[in-house]
Structures are given as structure tokens and as C-alpha cells.
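A.B. asks: Have a look at this prediction, sequence included:
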Amino acid sequence: QVQLAESGGGLVQAGGSLRLSCAASGGTFTSLGMGWFRQAPGKEREFVATISGTGDKTYYVWFGKGRFIISRDNVKNTVYLQMNSLKPEDTAVYYCAARRGGSLSLRGEGYDYWGQGTQVTVAS
């Protein structure tokens, strides 16, 4: 059973940056494709970014391109989401997810394990 623990959320001013971390345990990390999703109050969960098990492939949602960077450290079993130029509309709970097999997925249904989430609040 894979367990995921997010950290790094908080309150930031518009235009600022945050780096989210997600530490994985209980599985072979390089065999896990990883993703970040977010859910704002009153809205559905939405895809943000995904990275393959080896880290050689990434994909971003349109609003993340140029502002968000997903990366992973396969020694530390950790995936990161660097978020720059944050906007108030980025305010949400951000979730880390893992899928067996190591490939990418843009769909929440494609993931097998989820973290508890970390709150990101961007003040205007």
C-alpha cells in the first residue's frame, strides 16, 4: 500500500511562489506515475500536472504551463510542484496522487493512491 503525504502549502501573496512536496512510502517509487490535482471550494477536482515514473515525461494543464513545474527525486521518493506567479484563482486544496505502472494520466480515475491534500491560499 502506497502512502502519500503532501506538504508545503500555505498563504502567499499574488505573484509569489510555493513549492509543494509529496513524500511517498510503501511502494517502488520509480514504478509510480505521479500527479497533482487541485480542488477549489464549490468546484470539481481538476488536473494540474503529471510526471512519469522515470521523470522523463511531464504534462501540464493549460493554466499551469509556464508557471508550474512538476519534478521528482527518485532517491528521496518525493514529487514536487513548483508554483510561480501565483494568482488568487490558484487557491485550492492541492492533492498528490500515484498510479501503478509509471505512466502519465490526466484523469483522476487513473490514479490508485491519494494524499490528504495541502491548502494553498493566494491573497490578492
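C.D. replies: Noted; the coordinates are in hand.

A.B. asks: Let me see the ranges of the strands in the protein.
C.D. replies: 3-7, 10-13, 18-25, 32-39, 46-51, 58-60, 68-73, 78-83, 92-100, 113-114, 118-123 (DSSP state E).

A.B. asks: Flag every buried residue along the helix or strand bottoming out on mean pLDDT in the chain.
C.D. replies: Ranking every helix and strand in the chain by mean pLDDT, DSSP states H and E puts strand 58-60 at the bottom, with a mean of 95. For strand 58-60, burial by neighbour count (16 or more other C-beta atoms under 10 Å) applies to 59, 60. Where C-beta positions appear, they are placed from N, C-alpha and C, glycine not excepted.

A.B. asks: packing partners for it?
C.D. replies: strand 46-51, strand 68-73 (3 or more C-beta pairs under 8 Å, 6 or more residues apart in numbering; DSSP states H and E).

A.B. asks: before we move on, back to that, which one of the strands of the chain is the most hemmed in?
C.D. replies: strand 32-39 (a mean of 25; mean count of other C-beta atoms under 10 Å).

A.B. asks: Direction included, what does it pair against?
C.D. replies: Strands adjacent to strand 32-39 in the sheet, as given by DSSP bridges, are strand 46-51 (antiparallel), strand 92-100 (antiparallel).

A.B. asks: tell me the centre residue of the chain?
C.D. replies: What sits nearest the mean C-alpha location of the chain, by C-alpha atoms, centre = their mean, is residue 36, with 2.4 Å.
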